[in-house]
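Novice: what shape does this take:
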Amino acid sequence: MTKVTADQYIKSNNILFLALLGGQMFFGFLIVFLEPTFDISLETAVKELLLIMLSIFAIAAFLASHLLFKMRINAIRKIADLPRKLRYYRSAMIIRFALLEMAFFMSLIAYLLLSEILFLVLAGLVLLWFVMQRPTIQKISTDLNLTNEERIFFR
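Specialist: Purely as a prediction, here's the structure:
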């Protein structure tokens, strides 16, 4: 395996992040500007049940992204080898992003199906949280609790 510099590592993480963000924003704008005309005729009880189930699913995906990331980070912090730490960090980050994307897309699909603005707001909040998770040197350093010697790699 070739040795990766700090700049290459950050750049590749940011490319991944921006690609995922771009896909979400494209789909989000598409949904918002097309305005859902697809209206399923359901009984009120069924519609309310669907509303609750989709809300729980989207929120569960959001919470799972946070919890799984924290669990993986705690395990990664115990690794002594920095290149290995960084590889595992990227995989933890990808899992986190995938679960956040799932919450985002689930919220938009629920908005399409039920025409409930609550789901559009939920999608916006998930997207905002996703943006706040952008990988930076400071964030990686803090998440992994890097030692001073390990931080030198990023200078």
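
Novice: give me the phi and psi angles of R134.
Specialist: phi -50, psi 130 (degrees, to the nearest 10).

Novice: scratch that, I79 is what I was asking about
Specialist: Backbone geometry at I79, expressed as degrees, to the nearest 10, gives phi -80, psi 140.

Novice: what residues are up against it?
Specialist: 85, 88 (CB atoms under 8 Å, 6 or more residues apart in numbering). To be clear about C-beta, it is placed using only N, CA and C from the backbone, and glycine gets the same treatment.

Novice: how far off centre is stretch 85-99?
Specialist: 10 Å (CA atoms, centre = their mean, to the nearest Å).

Novice: make 279 the first number, not 1, from now on.
Specialist: Noted, 279 is the first residue going forward, which turns the last one into stretch 363-377.

Novice: now what about it, what contacts it?
Specialist: 282, 287, 291, 294-295, 298, 339-340, 342-344, 346-347, 350-351, 353-355, 357, 408, 411, 413, 418, 421-422, 428.

Novice: in ChimeraX, how would I select just the buried ones from those?
Specialist: Here is the ChimeraX selection string for the buried members of the contacts of stretch 363-377, based on 16 or more other CB atoms under 10 Å:
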select :287,291,295,298,339,340,342,343,347,350,351,354,408,411,413,418,421,422
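
Novice: spatially nearest residue to Y287 (excluding sequence neighbours)?
Specialist: L364 (6.0 Å; CB to CB, 6 or more residues apart in numbering).

Novice: how far does the lowest-mean-pLDDT helix or strand in the chain sit from the chain's center?
Specialist: When the helices and strands of the chain are scored by mean pLDDT, DSSP states H and E, helix 426-429 comes last with a mean of 84. The chain centre lies 27 Å from the centre of helix 426-429; the measure is CA atoms, centre = their mean.

Novice: buried ones in it, by neighbour count?
Specialist: Buried-residue list, helix 426-429, by 16+ other CB under 10 Å: empty.

Novice: E394 against I330, yeah?
Specialist: No: the criterion here is CB atoms under 8 Å, and E394 misses it with I330 at 11.2 Å.
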